[in-house]
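Asker: Below: sequence and its predicted model.
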Amino acid sequence: MGGKTLQVSGFPATVNADHVKDLLERIVGVDNVCVVKLRPPKNNSANSRSFAIVQFQTEAHASLVVNAARGNALRSGSNYLKKYRLELSYESIWEIQLHDPPGSQKKFLLIQVLAAPKIYEQNLQHSGSMYDDPLFNYFRDDTDDQWTRTTDFTPLASIGQSYILCLELPHDCDLPNIQEYFVYYKEHKRDFHCHRGHSYSSNTCFAPIVKSLYFTDIPYEILFKINHMVQNGTLSGPTLDDNFYRLDCEKLRSTDLSPRSAPGNNARRTALYNRILSVLSNGITIGNKHFEFLAFSSSQLRDNSAWMFASRPGLSASDIREWMGNFRNIRNVAKYAARLGQSFSASTETLKVHKYEVHVIPDIKNGTKYVFSDGIGTISADFADEVSKKCKLARFTPSAFQIRYGGYKGVVAIDPTSHWKLSLRGSMSKFPSDNITLDVLAYSKYQPCFLNRQLITLLSTLGVRDNIFELKQQEVVKQLNRMVTEPQAAIDAIELMPMGEITNVVKELLLCGYKPDVEPYLSMILQTFRASKLLELKTKSRIFIPEGRAMMGCLDETHTLKYGEVFIQASNSANDSDKFVVTGKVVVAKNPCLHPGDIRILEAVYTPVLDHMVNCVVFPQQGPRQQNLISVNMFLFGTRNQQWKIKQEVHEYFANYIVNESLGIIANAHVVFADRESLKAESTPCIKLAELFSVAVDYPKTGVPAQIPGELHVREYPDFMEKLDRVTYVSEGVIGKLYREIKKQSPHIGHFTKDVARRSYDSDLIVDGYQDYIDEAVWMKGEYDFKLGNLMEHYGIKSEAEIISGCILKMAKNFTKSSDADAIRQAVKSLRKEARSWFSEMNASESGDVPEALYAKASAWYHVTYHPEYWGCYNEVYGRPHLISFPCAWCIEMNGGSKFRDCETADNWWSGSEEKSTETTNSDSTDMVSGVLNMLQKVVSLRNAMP
């Protein structure tokens with residue numbers, strides 16, 4: 001061929017189009033090969049050779065190849081090449097070093113990692129005709145090049161076991177300016193040698209088997225560090241049962257397990273899919289323990305995690321499943337997995353209820369189509385009080401509990417007329433079980449109401465004007481702006497939008513007269529609270545509605561309410577005080593909600609016989625259909641060879657769930673189409689997506705995945721979704737307006753600098769004798785800061801206020817707020833508890849005048865934290881900011897039990913605990929805390945009275 005296109009012959013049958021392209025670009029230069037179409041020989045034999053049709057950038061480039069062929073300089077190697085890509089997140093890199101040995105033709109880039117990289121292979125799977133197959137065709141401008149997640153391709157799985165990756169590079173290789181992007185980067189010009197190491201994995205084809213080398217001693221340094229971690233609470237040590245293992249697959253996309261290029265029904269599965277199956281089927285061996293698959297809960301399924309168990313004599317994973325219940329009659333694998341995981345939902349174990357204390361009552365039905373009482377039972381008032389105490393709820397008894405009892409699951413509401421501890425219905429029974437322990441998963445309580453993008457979309461579709469939502473958002477922003485400068489606005493905001501146990505401390509400081517824009521600790525907490533709420537408005541349109549509530553749905557057991565009516569009694573606080581009954585028109589919505597029918601306007605009425613129901617919405621049990629199912633808000637009601645087979649199917653179901661899980665995709669598509677279509681959520685695409693969403697919600701129980709047709713795939717996204725890597729447009733809808741308005745608000749969180757320390761240090765809080773405790777306070781603050789700093793680094797949390805308040809703005813990629821917030825909260829709570837124990841420890845010599853010694857110690861804690869001369873002197877080697885929460889650690893009530901009272905009666909501050917044992921334990925500390933707070937209040941009052 002002449003011109004820019006040549007036919008190049010003589011390639012081995014094992015090469016692919018990329019191999020040909022790379023070979024030719026060595027001659028003509030990078031990006032000068034435009035198209036490669038590889039074709040096999042007409043006659044297959046041992047000596048047959050393939051040929052390629054190649055288009056070059058210019059005729060001159062084609063001539064270079066012709067001249068090379070004529071000079072016998074165009075050669076193809078015999079190796080089959082495969083391309084891999086290693087991807088490291090910024091957070092997973094600890095340090096990078098470049099070694100450039102003198103006189104060497106090579107240099108070495110060392111990357112020290114905290115986590116293994118993600119591995120990708122180029123997707124060259126046959127997907128149809130040879131003329132479309134990427135294995136035989138290369139196009140320079142092809143933007144659809146696919147990379148697929150895969151497993152470790154090295155013979156001994158070396159990548160996954162290595163904490164340092166060494167890249168050997170040609171000496172003339174140009175590298176980017178790594179120092180500009182990564183601070184921990186060093187360059188060395190000295191000799192560099194690599195030594196062969198050992199592999200800890202003895203099986204790379206199936207499940208990983210990790211064992212240490214024989215006669216290998218663990219270095220003392222490692223033993224010391226492990227002991228240090230146990231002592232400091234980083235590892236929980238003896239509280240762990242080492243026979244249980246939680247398998248966590250990081251959040252995977254469906255394309256990681258099944259590439260989209262796979263044709264039709266013959267979907268290809270990746271090596272990652274097969275690895276997950278092999279781990280579930282064959283287990284994991286660590287040391288002398290072999291962990292086998294046990295079960296997974298519904299939340300674990302969503303997070304791609306499962307429990308595994310190391311069998312021991314007399315107890316195996318199968319024995320545990322047998323103990324949980326009888327699942328033999330469940331033939332649907334999805335339902336089997338759901339019922340199996342029912343026992344693994346996060347819950348609080350309360351009391352044992354014998355079978356003779358349980359009354360089975362009939363379901364309430366309307367013919368054969370609707371079950372009004374689906375998943376709903378009752379609990380006696382006396383037994384509800386007992387359960388509340390076991391849940392450590394001393395101030396109120398919930399009106400309803402979400403429970404698990406043996407094979408039963410659902411909601412039980414208080415029935416004052418019942419003498420049975422539990423009255424359960426057949427619709428609550430999921431499988432037979434002999435377990436008689438009552439577990440509580442949730443309970444009715446005060447919960448504020450927030451709009452979100454789904455609700456706003458539906459309300460806008462149903463006729464609510466855009467300016468109404470804009471006005472509501474402006475009111476929230478105005479309150480957030482005022483709360484960082486005005487004490488009363490801050491108190492109101494905290495009352496309405498509680499953020500955890502730290503709220504009590506912040507509120508008490510405000511009531512004692514501290515200014516939110518003056519006191520550094522108070523200021524940073526409120527600023528972080530404001531920033532987190534602004535972030536929620538920007539990313540979720542989460543608008544607070546003071547008149548609304550999020551409630552659990554219950555059934556009217558008195559048969560009083562009529563169809564279209566509901567009973568709602570709400571409280572204004574977390575302890576059910578200041579109750580009020582709602583009457584008149586109310587809007588009730590499901591959560592989540594995509595279909596316009598998910599929102600209903602009902603009539604709230606007062607019914608005296610339901611006065612005992614608080615913070616839950618009571619639906620009628622009469623009418624043409626079950627109203628509760630269309631209107632619930634936060635709560636959704638709802639042989640050995642054969643056993644081996646269904647167990648294997650459960651493993652496949654787990655992996656297939658990752659492939660088919662589409663709730664997020666459907667919800668995002670609904671947002672886009674509702675934003676673009678003139679009929680909004682009532683448009684045909686949105687109605688179809690709402691139906692698919694319902695199918696996807698039921699997928700964990702039915703095993704039937706939602707199939708999204710091509711016309712419902714999103715190609716352009718509105719600006720408010722912030723899809724920076726996709727094509728976007730400026731939204732003209734209500735959410736777009738809200739988004740661009742909130743972007744004008746800039747969150748500001750001040751830092752505790754040395755200048756701030758000079759301005760804010762309060763000498764009125766220094767009392768006689770504080771010097772005696774300075775050395776002790778310095779050591780304790782160093783310990784506290786070290787441990788709190790470790791927690792911040794571990795979770796990737798940037799500021800002290802975020803981790804203390806729980807209003808986390810950003811965390812490391814391998815953690816999420818939904819799954820790790822509770823662990824963070826418990827870790828901080830444990831640290832505060834430890835710090836309080838330091839404060840309470842008194843030497844025998846101090847027993848004569850305890851109050852004065854306590855005041856002096858509190859003053860020393862304040863001094864070593866706030867005084868400018870101590871600024872920046874803690875944990876300097878770690879390069880961490882100065883932390884200021886240390887002196888407040890002692891004034892947070894243990895276990896969330898105590899509650900602040902008004903400053904004028906500070907003696908009552910440490911009053912009432914939700915646990916009697918805690919109340920007794922802390923009795924010696926009552927006078928201490930009350931006295932110190934009293935002192936602080938008097939100082940502030942005196943200062944405020946001065947001209």
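Answerer: On my side now, so go ahead.
Asker: Surely residue 530 touches residue 482?
Answerer: No. In this structure, residue 530 is not within contact of residue 482 by CB atoms under 8 Å, at 9.8 Å. Where you see a C-beta, it was placed from the backbone N, CA and C, and this is true even at glycine.
Asker: Have a look at those two and say which one is more surrounded.
Answerer: residue 530 (24 against 17; other CB atoms under 10 Å).
Asker: ok, now which ones touch the more buried one?
Answerer: Listed by CB atoms under 8 Å, 6 or more residues apart in numbering, the contact partners of residue 530 are 480-481, 483-484, 747.
Asker: go again using 6 Å as the cut-off
Answerer: With contact set as CB atoms under 6 Å, 6 or more residues apart in numbering, residue 530 has these partners: 480, 484.
Asker: secondary structure class for residue 566?
Answerer: In the three-state summary, residue 566 is assigned as strand, counting by DSSP: H, G, I helix; E, B strand; the rest coil.
Asker: Let's see the pLDDT reported for it.
Answerer: Per-residue confidence for residue 566 comes out at a pLDDT of 93.
Asker: looking at it, it is touching residue 606, isn't it?
Answerer: No. Counting by CB atoms under 6 Å, residue 566 sits too far from residue 606 to count as a contact (11.0 Å).
Asker: Who has more neighbours out of those two?
Answerer: The residue with more neighbours, out of residue 566 and residue 606, is residue 566; 24 against 12, by other CB under 10 Å.
Asker: Name the nearest residue to the more buried one, sequence neighbours excluded.
Answerer: The shortest distance from residue 566 to any residue that is not its chain neighbour, by CB to CB, 6 or more residues apart in numbering, is 5.0 Å, and that residue is residue 602.
Asker: For whichever strand or helix holds the one you found, which outside residues touch it?
Answerer: Mapping residue 602 onto the secondary structure by DSSP states H and E places it in strand 599-604. Outside of strand 599-604, the residues within contact range by CB under 6 Å, 6+ apart are 458, 564-566, 568, 582-589, 631.
Asker: how near is the nearest residue to residue 460 once chain neighbours are set aside to residue 192?
Answerer: Among residues not flanking residue 460 along the chain, residue 734 sits closest, at 5.0 Å (CB to CB, 6+ apart). Counting by CB to CB, to the nearest Å, the separation of residue 734 from residue 192 is 61 Å.
Asker: Going by how many neighbours each has, rank these two and give me the top one.
Answerer: Legend: neighbour count by other CB under 10 Å for residue 734 and residue 192, higher for residue 734 (23 against 16).
Asker: one step back: please report the distance of the residue nearest to residue 566 from residue 567.
Answerer: Between residue 602 and residue 567 the distance is 10 Å, computed by CB to CB.
Asker: more neighbours, those two?
Answerer: With other CB under 10 Å as the criterion, residue 602 and residue 567 differ in neighbour count, and residue 567 comes out ahead with 25 against 20.
Asker: Show me what the more buried one is bridged to.
Answerer: Partner residues in beta bridges with residue 567: residue 618, with DSSP bridges as the criterion.
Asker: What count of nearby residues applies to residue 26?
Answerer: Count around residue 26 with other CB under 10 Å applied: 10.
Asker: just checking, it is part of a helix?
Answerer: Yes. Counting by three-state DSSP, residue 26 falls inside a helix.
Asker: tell me the mean pLDDT over the strand holding residue 602?
Answerer: Here strand 599-604 scores 91 as its mean pLDDT.
Asker: Stretch 824-841 now?
Answerer: Here stretch 824-841 scores 82 as its mean pLDDT.
Asker: Return that stretch as PDB; C-alpha atoms alone will do.
Answerer: Coordinates of the C-alpha atoms in stretch 824-841 are reproduced here as PDB (Å, rounded to 0.1, in the frame of the first residue of the first chain):
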ATOM      1  CA  ILE A 824     -15.200   7.700  65.900                       C
ATOM      2  CA  ARG A 825     -17.700   8.800  68.400                       C
ATOM      3  CA  GLN A 826     -16.900   5.900  70.700                       C
ATOM      4  CA  ALA A 827     -13.100   6.400  70.300                       C
ATOM      5  CA  VAL A 828     -13.400  10.100  71.300                       C
ATOM      6  CA  LYS A 829     -15.800   9.200  74.200                       C
ATOM      7  CA  SER A 830     -13.200   6.700  75.500                       C
ATOM      8  CA  LEU A 831     -10.500   9.300  75.400                       C
ATOM      9  CA  ARG A 832     -12.500  11.800  77.200                       C
ATOM     10  CA  LYS A 833     -13.400   9.200  79.800                       C
ATOM     11  CA  GLU A 834      -9.700   8.500  80.300                       C
ATOM     12  CA  ALA A 835      -8.900  12.200  80.700                       C
ATOM     13  CA  ARG A 836     -11.700  12.600  83.300                       C
ATOM     14  CA  SER A 837     -10.100   9.700  85.300                       C
ATOM     15  CA  TRP A 838      -6.800  11.700  85.300                       C
ATOM     16  CA  PHE A 839      -8.600  14.700  86.600                       C
ATOM     17  CA  SER A 840     -10.400  12.800  89.300                       C
ATOM     18  CA  GLU A 841      -7.200  11.100  90.700                       C
END
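Asker: List the buried residues of it.
Answerer: Applying a neighbour-count criterion of 16 or more other CB atoms under 10 Å, the buried positions in stretch 824-841 are 824, 827-829, 831-832, 834-836, 838-839.
Asker: now stretch 92-110
Answerer: Buried residues in stretch 92-110, defined by neighbour count with 16+ other CB under 10 Å: 92-93, 96-101, 107-110.
Asker: Next, give me the two most distant ones among the residues you listed.
Answerer: Spatial extent of those (CB to CB) is set by the pair 92 and 101 at 27.2 Å.
Asker: one step back: filter the contacts of strand 599-604 down to the buried ones.
Answerer: Buried among the contacts of strand 599-604 by 16+ other CB under 10 Å: 458, 565-566, 568, 582, 586, 588-589, 631.
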